[in-house]
Every structure is written in structure tokens, then in C-alpha cells.
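J.: Generate a structure from the sequence data that follows.
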Amino acid sequence: MLKIENLNFSYGDLKVLWDVNLEVNEGEIVTVVGANGAGKSTILKNVSRLEKPGAGGITFNGVDLVKLEAHEVVELGVVQVPEGRKIFPQMTVIENLRMGSYTPKAKKNRSANLDRVFALLPRLKEREKQFGGTMSGGEQQMLAIARGLMADPKLLLLDEPSLGLSPLLVKSVFSIISEISRQGVTIMLVEQNVSQSLKIATRGYVLETGRIVLKDKGEALLNNEHIKKAYLGI
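T.: Numbering: from 1, shown residues only. Alright, predicted model coming up:
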């Protein structure tokens, strides 16, 4: 579904991605793990066309994303849930959700997608008239994920969804991600929480200082000695 080939990227003179190769197949949860500053979010920004790659190729179902603008990528079905939630704080829950369904296809399916989101996250239904900025961090993260689902994604890009959440809420977020996958949405997840993200991953990639250093099935990476020592403290 998604193919990244020899992706290189720099912020000015600072190079942050080095010949990154990565694939996401339909129906998978593919996780990119690594320390803060490794370049994980930069990969997603390149896929979403929020940044323009210095060199390399990115295709989605055979379509060259490098030639597209960000809104055209969303129209193809590639939808990013950004790091830090980025909800609209002075808009209600229902208004935030409607903002997610601005493409022609998503507008057409808005009512069905609202029902789907409220079934998945009933807390949002209870708070549909509440302003986003008055919700807890965990509720705002749920809202950000739900807003992404309102865009009718074929591929959902999740950027650090557990960031800043309590351990209990972290478990809840990963449970929701697993359920979204079961409902048929392909997921690419970048995370600092190595243990939780690899537990739900079909496959995983380990990014260190802008380079892919390991790739394998999620379970195999959890049992990898380097992962245990470097990321899990075992």
C-alpha cells in the first residue's frame, strides 16, 4: 500500500533521514520506533507532504505522493493524526469531528462515520457539545484520532498517540488502535513507547539517528536483544 524508497531529508544543513526504506501492506499495523529526535515524525510529514523530501520516492497504491500537495494526499485516503493532538480548542467535539470530513467523499459519508466514531469512542458522544480545550489530555487524544477517522482513511498515520498520557490511558489508546485495525483501516504508527507499540504491530522498524537499523515482526523485535537493552531496560 505504502512504499518509501531511499528517503533522505534535511532541515536546512541538518540531515535527519538517511536512505530510509519502508513498506506498509494493506491490513497491517506497522510501527516505527526509536528515541526522541530519531526522525520518526519526519517520515510521516514526508508521507503527508507536510515536508518535501530531499531525495527518494514515496508511493501510495502506486501513486507518486512526492508530486502531490498535502490536501491531495488526504483525498487519496492517507490521513495523519498529528503529534500533540492539534485539536481546535475553541470548537466543540462535534465541530472538531466535522472538520475531519472536509473532502467530498468524507462529507458524503459524514453521518455514517459519526455513528462509527461514537460507537468506537462513546465518551465523545457524551461530550459532543463540550469545547475541545476543556477536555483532559486523554480525551483530546481520542478526539484527534476520531477526527482522523472522519476523513475516511485507507491508511491512518498516527504520530506519538501515547505522548503525555498516564499508563492507564496509554493502554486504552493502544486498545483503540487495535480495534481500528480490526475494522479494516491500515495503520502506520510512530512511537517512543516501544513495548506497547510492538505488542500490537504486525511488523516494526527501528529508527536510530535517521537510519533504519532493524526490521522484523513486532513480536520478534520485542524479543530482540538490542531492543531489550536499548529501549526496554532488560
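
J.: Sticking with the residue positioned nearest the centre of the chain, tell me its helix or strand.
T.: In the chain, the centroid-proximal residue (CA atoms, centre = their mean) is L158; its distance is 1.2 Å. In the assignment (DSSP states H and E), L158 maps to strand 155-159.

J.: how about the strands in this structure?
T.: Secondary structure of the chain, counting by DSSP state E: strands at 2-11, 14-24, 29-33, 55-60, 63-64, 78-81, 155-159, 186-191, 203-208, 211-217.

J.: ends of stretch 129-148, how far apart?
T.: Separation of the first and last residues of stretch 129-148 by CA to CA, to the nearest Å is 19 Å.

J.: Return the set of buried residues in that stretch.
T.: For stretch 129-148, burial by neighbour count (16 or more other CB atoms under 10 Å) applies to 131-132, 135, 138-148. In this view, the C-beta of every residue, glycine as well, is placed from N, C-alpha and C.

J.: from those, which ones fall inside helices?
T.: Among those, DSSP state H puts 138-148 in helices.

J.: hmm, which two among the residues you listed are most spread apart?
T.: Comparing every pair within those by CB to CB identifies G138 and G148 as the most remote, at 16.1 Å.

J.: helices or strands up against the helix of greatest length in the chain?
T.: Of all segments of type helix in the chain, defined using DSSP H, the longest is helix 167-182. Contact partners of helix 167-182 among helices and strands, from 3 or more CB pairs under 8 Å, 6 or more residues apart in numbering; DSSP states H and E: strand 29-33, helix 110-120, helix 137-149, strand 186-191, helix 194-200.

J.: how much does the first one deviate in direction from strand 203-208?
T.: This points to strand 29-33. Here strand 29-33 runs at 20 degrees with respect to strand 203-208, directions being taken by axes from the mean of the first three to the mean of the last three CA atoms, to 10 degrees.

J.: what packs against strand 29-33?
T.: Helices and strands in packing contact with strand 29-33 are listed as strand 14-24, helix 40-48, helix 167-182, strand 186-191, helix 194-200, strand 203-208, helix 218-222; criterion 3+ CB pairs under 8 Å, 6+ apart.

J.: Save these as TSV, and put in mean pLDDT and mean neighbour count too.
T.: Converted to TSV, those look like this (pLDDT from 0 to 100; neighbours: other CB atoms under 10 Å):
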stretch	mean pLDDT	mean neighbour count
strand 14-24	96	17
helix 40-48	96	23
helix 167-182	93	16
strand 186-191	96	25
helix 194-200	94	20
strand 203-208	96	22
helix 218-222	95	18
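
J.: Sounds good, over and out.
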